[in-house]
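S.K.: fold the following.
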Amino acid sequence: MLPEHAEQVLAIYQAGIDGGDATFEETAPTWEVFDATRLAEHRLAALDGDGRVLGWAAAVPVSDRCVYAGVVEHSVYVDPGARGRGVGLALLQALLASTDAAGIWTVQSGIFPENTASLALHMKAGFRVVGTRERLGRHRGRWRDVVLVERRSPAVA
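M.R.: Numbering: from 1, shown residues only. The predicted structure is shown next:
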């Protein structure tokens with residue numbers, strides 16, 4: 001993912017936000033905030049033959065405490081027009097290869113239970129459901145549950 005992808009990456013993020021079942025966020029951040037908060041070595045963009053961004057994946061540290069140095073939370077977003085074509089799985093697999101190579105031992109995410117496509121994608125990529133955090137936060141006037149999923153790296157003993 002490069003700075004020239006910023007506009008498309010943020011538009012895809014906003015489309016996910018607008019769908020209502022991707023995140024608690026209400027608006028995509030500026031590129032400066034996005035760029036400063038995502039780990040540079042674990043950011044990917046899937047491009048079509050014309051260089052158009054079809055989707056993206058990125059990871060953030062879960063904590064700055066040293067005990068959590070190998071734990072990240074990730075996001076995967078696919079352009080609505082590219083869904084169902086394997087873009088999300090390819091991005092997620094590439095992200096896991098990147099985190100495995102870097103010694104990251106846990107990749108996790110919180111997913112709304114209504115986001116069945118994301119849950120299925122994560123199960124296909126080797127994640128497991130840890131549990132459901134009930135009524136974790138209010139979103140658009142209602143309480144939302146969040147399913148915590150994680151994948152432990154087979155490369156890190």
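S.K.: just grab the bridge partners of the spatially most central residue of the chain for me.
M.R.: Note on the chain: the residue nearest the mean C-alpha position is residue 75, at 0.8 Å, using C-alpha atoms, centre = their mean. Per DSSP bridges, the residues bridged to residue 75 are residue 58.
S.K.: now do the contacts for it.
M.R.: By C-beta atoms under 8 Å, 6 or more residues apart in numbering, the contact list for residue 75 reads 23, 57-59, 109. Every C-beta, even on glycine, is put in place using the N, C-alpha and C of the backbone.
S.K.: pLDDT score assigned to it?
M.R.: We have a pLDDT of 96 for residue 75.
S.K.: cool, and residue 156?
M.R.: Reported pLDDT for residue 156: 80.
S.K.: so it, which state does it fall into?
M.R.: At residue 156 the chain is in coil, as set by DSSP: H, G, I helix; E, B strand; the rest coil.
S.K.: and it, what does it touch?
M.R.: Applying C-beta under 8 Å, 6+ apart, one finds that residue 156 lies in contact with 70, 100, 103-105.
S.K.: any chance of those residues in JSON lines, plus neighbour count, distance to residue 137 and secondary structure?
M.R.: As requested, those are exported to JSON lines (neighbours: other C-beta atoms under 10 Å; distance: C-beta to C-beta, whole Å; DSSP: H, G, I helix; E, B strand; the rest coil):
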{"residue": "70", "neighbour count": "17", "distance to residue 137": "26", "secondary structure": "coil"}
{"residue": "100", "neighbour count": "16", "distance to residue 137": "31", "secondary structure": "helix"}
{"residue": "103", "neighbour count": "11", "distance to residue 137": "31", "secondary structure": "coil"}
{"residue": "104", "neighbour count": "26", "distance to residue 137": "26", "secondary structure": "coil"}
{"residue": "105", "neighbour count": "17", "distance to residue 137": "27", "secondary structure": "coil"}
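S.K.: the residues you listed: which two are farthest apart?
M.R.: 70 and 100 (10.7 Å; C-beta to C-beta).
S.K.: quick one: the helices in the protein?
M.R.: Assigned by DSSP state H, the chain shows helices spanning 6-19, 31-37, 87-101, 116-124.
S.K.: how far away is the nearest residue to residue 80 once chain neighbours are set aside from residue 96?
M.R.: Counting by C-beta to C-beta, 6 or more residues apart in numbering, residue 80 lies nearest to residue 15, which is 5.5 Å off, once chain neighbours are set aside. Residue 15 sits 24 Å away from residue 96, going by C-beta to C-beta, to the nearest Å.
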